[in-house]
Structures are given as structure tokens and as C-alpha cells.
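# Below is the sequence, then the predicted model.
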Amino acid sequence: MNLGPRQQDILDLARERGYVSIDELAQAFAVTPQTIRRDINQLAEHGLLRRTHGGAASEASSTQNTAYAMRAGQNRDEKQRIADAVAEHIPDHASLFINIGTTTEAIARALMGHKGLKVITNNLHVAAQLADKQDFEVLVAGGTVRSDGGIVGQAAVDFIQQFKVDYALVGISGIDEDGSLLDFDYQEVRVSQAIIENARQVFLAADSSKFGRNAVVRLGSIALVDRLFTDHQPSPALARLLAEHKVQLEAV
């Protein structure tokens, strides 16, 4: 495929950021959303991009996640809006699980204005952030520490299963159109499954780049979630699944 200058720029932005929205591209290139949609469709037809609801994502591997440093820089504004919305639904003196992910790390920062939280986490970045708050109690799971600060393995699962908390605040790598929650690391998924099983309410925080994103390990169904916090309305098919399973949608 011979790319035009705008199409090449779109492709470069998607590879750099992981996800680009139609609205931001239309504004950046001073063209209509329909023009951007045609560009994305052509790039997707040649396997260079993956169409998502409201935008496009880099055609990345389904077996290997993006590097942590890159993930931390992607969709920061969207993650912060999601984090602020999640924090508004958490009362003071609540007990929480918080799992691995850059969005859950943003949630930890948004919770710093709360009082008396008890937090159990397998994310070292979350623990380090929340430990600065003297009226918080922070418990960290044992296990194998990954380069991104995540803690995984059977020891982490066993630790999580000792608790029953008010809320699980979880992130995910991908949400398939059939409602499957997907991730890349089987050991990470095992810990997240234990977190979900031992919480009274499950809040899933996922920016719109996660819609339709491929990953090889299935955590479970969207039916496990009580509330989904995201920055865009999902596709009609996924919206129907949310309604069918009584998952409350919080699009911020």
C-alpha cells in the first residue's frame, strides 16, 4: 500500500501512542471525521491498524503486552478522568483490592484525598503511592515481582484469598466484542481472578483503546463486573452485553 502523508502520520501516531481517536485525528489534521474513518479503514484493510470503536489501535501482538514505559505514557488524560470517576464512587474507610496496571496506578493517585482506606494490592507502584498516606493501611501480596512492579504467582493468589473486601478496582488489557476480559500473563490473570472473587463489588477501569484489543489469556466475562468506567461509549454490541448483565456503565 502506498500511504499518503496523512495516512503515514496516522499510522505513526497509532504506533507511538497505542491508540488514536477519530475525533482527535480529525482535529489534528483539520479534516472531517468521515475522512479519518476512510483513512483508518484503508489502513486496517492492509493490516496496518486495528479498528476500534471511535478510533484505531496499533496492530500489536496478542501474546505480548506493550512495554510498561510506553503504556504509562499512553492515554494519560483519559486514564486520569477514569481514575477520578472511580475515586468518586469509593467511600472513606472502605476496603479495596487494586490490581496491576497503569490505570489502577492513576486510581491510586486519585484516592489520596480519601480517609482510612485499607488497600490490598499486587502492584508495587500502587503500594508506594498509597503508603505515603498515614491513615491508610496498605498490604502487599507476596510472590514474583515483574519489571513493571506487578506481583504474580501462587503466593500472591493465596494471599489475596485470605480477604473479603468492599471493592475490587481492576484494570484489563483488552475487552473482546463477546464480553471476554483479556490479558497477556496467565499468572497475572490468576491473581486478578482471586481479586474479583473476593470482592463485594467489582469496578473495571478501561480506556477505550481496550475495546476490541486482542490478548491471549481470558480472565472471565464482563458479567463479573458491577461497574465499567471508560472514556467513550462502547460499541452497540458491547453496550447490549453490559445491559444484559446489568453492568453499570460510567463513560466520563
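Nice, thanks for sending it over. These figures come from a predicted structure and were not determined experimentally.
# who touches S58 in this structure?
Applying C-beta atoms under 8 Å, 6 or more residues apart in numbering to S58 gives the contacts 14-15, 18-19, 49-50. Using the backbone N, CA and C atoms, a C-beta is placed for each residue, glycine as well.
# show me where the stretch 51-200 of the chain has strands.
Secondary structure of the stretch 51-200 of the chain (DSSP state E, counting those that start in this stretch): strands located at 55-58, 95-98, 118-121, 137-140, 144-145, 151-152, 165-170, 174-175, 180-183, 199-205.
# Mean pLDDT and distance to F29 for those strands - can I get that in a markdown table?
Compiled in a markdown table, the strands of the stretch 51-200 of the chain are given as follows (pLDDT from 0 to 100; distance: least, C-beta to C-beta, whole Å):
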| stretch | mean pLDDT | distance to F29 |
| --- | --- | --- |
| strand 55-58 | 79 | 14 |
| strand 95-98 | 98 | 38 |
| strand 118-121 | 98 | 41 |
| strand 137-140 | 98 | 45 |
| strand 144-145 | 96 | 43 |
| strand 151-152 | 97 | 41 |
| strand 165-170 | 98 | 36 |
| strand 174-175 | 92 | 28 |
| strand 180-183 | 95 | 31 |
| strand 199-205 | 98 | 30 |
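# how about the helices in the protein?
Counting by DSSP state H, the chain has helices at residues 5-17, 22-29, 33-45, 68-73, 76-88, 102-110, 124-130, 154-160, 186-197, 236-244.
# Buried residues in the third one, which are they?
By neighbour count on 16 or more other C-beta atoms under 10 Å, the buried set for helix 33-45 is 36-37, 39-40, 42-44.
# end to end, how far does stretch 211-222 reach?
End-to-end distance of stretch 211-222 (C-alpha to C-alpha, to the nearest Å): 12 Å.
# What average pLDDT does it get?
For stretch 211-222, mean pLDDT rounds to 89.
# before we move on, the earlier item: return the closest of the contacts of S58 with respect to V225.
Taking C-beta to C-beta as the measure, V225 lies nearest Y19 of those, at 20.9 Å.
# Specify the beta-bridge partners of the closest one.
A57 (DSSP bridges).
# State the pLDDT value of it.
pLDDT recorded at Y19 is 72.
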